[in-house]
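**Student:** what's the 3D shape of this:
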Amino acid sequence: MVARAADQPLTKDDVRVLLIGGASGEKMITLIQGRGVDFQMTPDLAKKFHDDGASDEVIEALQKAGQKAASVKASSPAKPEASSANAAAPPPAGSNPPAAATPSGGSASPANSSNAARASAPNPTPAGSPGLPDPSSTQIQGIIREFAEKEKLFRAARDNYTYHQINKVETLDPDGSVDGVYEQEWDILYDDSGKRIERVTYAPQSTLQRIMVTEQDLDAMRNIQPFVLSSDELPEYDIKYLGHVKVDEISAYVFSIRPKELKKGRQYFQGTVWVDDRDLQIVKSEGKNVPELKTKKGENLFPRFTTYREQIDGKFWFPTYTFADDKLYFSAGPVHIKEIIRYTDYKQFKSKVRIIGVTPQGQPNAPTPAPAPNR
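**Tutor:** Coordinates of the predicted model:
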C-alpha cells in the first residue's frame, strides 16, 4: 500500500506552483500544516518563495513544517528502502491560476469568450487526482517538443495578423495613489509594400518621475511579455515539468522555464507556462525578463508579469492581456509599479502559413489523458 497523493508532504516545486498559481496565504498555511514539507527552509529558499508571492506568515509556516519534518526524521528508526518499483513519489501539487480580467474592447468574438474563461477561471484540481494523471518522462519530452513546434507555427501565424497594442505603466506612492503614468499605443500592420511595421497611434507626455521606460522595457513589451517558446529557442532553456492541473473547462500541463545561459545583450523569459493538454499550446505564462541590468551608469529592473491568451479564429491561442503589479528594488529605494498591456483587434492580413496537425505518434494530446506511470 502507498500513501494517497493528497497526504504526501509538499515539495519545493509544489510550493512554487501554488504560489505562482495565486493560492491565498490562508490556503497555503492550511496545506503546509496539513501535509507538511519534505525540505528544510534556507535563506535562499525564503527569498525565492518571497519573490513568488509568499507572505511572512507563509514563510514562517514553512520554517516550522521543515523543522517538524527534521525532528520526526531524526527520531524515527531507519527502515529498509523500498524497491524503486514500489516506492511512492510525491506528485506535484496543482496551482490555482488567478482569473484574468477581460480586456475592454478585446479582440475575442463571443465564440471565443468561452476560451478566455477556460484559460483563466479558477476551480483547480490538484495534480495526481482522478482524471489528471502525470504523463511518463518519455511522454513529457514529447509534449515539450510538440508544444514548441506549435509555438513556432503560432509565431509565423501571428506575423500574418494585424493588431492593436495598448501599453500603460504607472508608479504608485506609499498610499497606493498613482503618481506617474506612461502610455503608448501601437498599430502592428503592413505598409503598401507588405512590410510589417509598428505605428505609434497614441503617446501622451509621460508623467513618470521616479523611473523611466527604456528600450529594454519596450523590447519586453514586444517580445518577452507575449512569450513564445518555439522549437528554435528550445535549446536555450531548461524546462521542468511541474504538474497537471485542472482549471474550469481545461486542464493544462505546467512547466518551469529557465534560460540555460544569459548571453550578453540578450533578454530571456524566466518563469512558468501553462500548456493546454488538448491543443498543446501555451494558454498562460507568468514570470519576468532576465537578466536585470545593473551597471555604474544605472539600474534597469523588470517587474514580474502574467500574460493570458485567448483562442483566435479557432486555431491558435493569442496573447490578449498582460498584467504586472510589483515593487522594483532600486538602490535608491523601492518603486511600486503597475503595468497593463492589451492586445486587441486581431485581423488576419495575409497567410503564407499552412495550418497542419503537429501530433507525434503516441503523445497525449487527446481529451482522455494517458494513464499515470508506475512510480
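**Student:** going forward, measure contacts and count neighbours with C-alpha atoms only.
**Tutor:** Will do.
**Student:** if I read this right, residue 220 contacts residue 288, doesn't it?
**Tutor:** No - contact between residue 220 and residue 288 fails when scored by C-alpha atoms under 8 Å: they sit 9.1 Å apart.
**Student:** okay, these two: which has more neighbours?
**Tutor:** For residue 220 versus residue 288, the count of surrounding residues by other C-alpha atoms under 10 Å is larger for residue 288: 24 against 20.
**Student:** State the distance from the more buried one to residue 50.
**Tutor:** Distance of residue 288 to residue 50, computed by C-alpha to C-alpha, to the nearest Å: 15 Å.
**Student:** In contact with residue 286: list those residues for me.
**Tutor:** 20, 271, 272, 273, 304, 305, 306, 307 (C-alpha atoms under 8 Å, 6 or more residues apart in numbering).
**Student:** Which members of these are the farthest-apart pair?
**Tutor:** 273 and 304 (13.5 Å; C-alpha to C-alpha).
**Student:** quick one, domains of the chain?
**Tutor:** With domains defined by automatic domain parsing, the chain comprises 1-79+88-93, 149-348.
**Student:** Which other helices and strands does the longest helix seen in the chain contact?
**Tutor:** As assigned by DSSP state H, the longest helix anywhere in the chain is helix 137-158. With contacts taken as 3 or more C-alpha pairs under 8 Å, 6 or more residues apart in numbering; DSSP states H and E, helix 137-158 sits against strand 316-330.
**Student:** what is the mean pLDDT for the following helix or strand past the strand it packs on?
**Tutor:** In the C-terminal direction, the helix or strand that comes right after strand 316-330 (DSSP states H and E) is strand 333-348. The average pLDDT within strand 333-348 is 95.
**Student:** Mind listing residues that contact strand 333-348?
**Tutor:** Counting by C-alpha under 8 Å, 6+ apart, 103, 105-108, 160-173, 210, 221, 303, 312, 319-329 sit against strand 333-348.
**Student:** distance of residue 191 from residue 54?
**Tutor:** 48 Å.
**Student:** who has more neighbours, the two?
**Tutor:** More neighbours surround residue 54 than the other of residue 191 and residue 54, with 24 against 9 (other C-alpha under 10 Å).
**Student:** any idea which helix or strand carries the more buried one?
**Tutor:** Here residue 54 is assigned to no helix or strand, by DSSP H and E.
**Student:** correct me, but it touches residue 23?
**Tutor:** No - the pair residue 54 / residue 23 is not scored as a contact, 9.4 Å apart, by C-alpha under 8 Å.
**Student:** related to what we said a few turns ago, mind listing what's buried in the longest helix of the chain?
**Tutor:** The neighbour-count check on helix 137-158 (16 or more other C-alpha atoms under 10 Å) flags 140, 142-155, 157-158 as buried.
**Student:** between the following helix or strand past that helix and strand 333-348, how many degrees?
**Tutor:** Under the assignment DSSP H and E, the closest C-terminal helix or strand after helix 137-158 is strand 161-172. Orientation of strand 161-172 against strand 333-348 (axes from the mean of the first three to the mean of the last three C-alpha atoms, to 10 degrees) gives an angle of 160 degrees.
**Student:** Which strands and helices lie in contact with strand 161-172?
**Tutor:** Using 3+ C-alpha pairs under 8 Å, 6+ apart: strand 161-172 touches strand 178-190, strand 333-348.
**Student:** Pairing partners for that strand, with directions?
**Tutor:** strand 178-190 (antiparallel), strand 333-348 (antiparallel) (DSSP bridges).
**Student:** can you redo these as CSV with mean neighbour count and distance to residue 134?
**Tutor:** Compiled in CSV, the strands paired with strand 161-172 are given as follows (neighbours: other C-alpha atoms under 10 Å; distance: least, C-alpha to C-alpha, whole Å):
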stretch, mean neighbour count, distance to residue 134
strand 178-190, 17, 40
strand 333-348, 18, 33
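**Student:** Pipe these into TSV and attach distance to residue 278 per row.
**Tutor:** TSV is the format used below for those (distance: least, C-alpha to C-alpha, whole Å):
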stretch	distance to residue 278
strand 178-190	30
strand 333-348	23
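**Student:** Relative to residue 66, which of those is closest?
**Tutor:** strand 333-348 (31.0 Å).
**Student:** Could I get the CA-only coordinates of that closest one as PDB?
**Tutor:** This file holds the C-alpha atoms of strand 333-348, laid out as PDB (Å, rounded to 0.1, in the frame of the first residue of the first chain):
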ATOM      1  CA  GLY A 333      14.700  52.700  -2.800                       C
ATOM      2  CA  PRO A 334      11.700  50.600  -3.900                       C
ATOM      3  CA  VAL A 335       9.300  51.800  -6.600                       C
ATOM      4  CA  HIS A 336       5.800  50.200  -6.800                       C
ATOM      5  CA  ILE A 337       4.700  49.900 -10.400                       C
ATOM      6  CA  LYS A 338       1.700  48.500 -12.200                       C
ATOM      7  CA  GLU A 339       1.800  47.600 -15.900                       C
ATOM      8  CA  ILE A 340      -1.100  46.700 -18.200                       C
ATOM      9  CA  ILE A 341      -0.800  45.600 -21.800                       C
ATOM     10  CA  ARG A 342      -3.800  44.800 -24.000                       C
ATOM     11  CA  TYR A 343      -3.600  43.200 -27.400                       C
ATOM     12  CA  THR A 344      -6.800  43.800 -29.400                       C
ATOM     13  CA  ASP A 345      -8.400  43.700 -32.900                       C
ATOM     14  CA  TYR A 346      -6.600  40.700 -34.300                       C
ATOM     15  CA  LYS A 347      -7.200  40.500 -38.000                       C
ATOM     16  CA  GLN A 348      -5.600  38.200 -40.500                       C
END
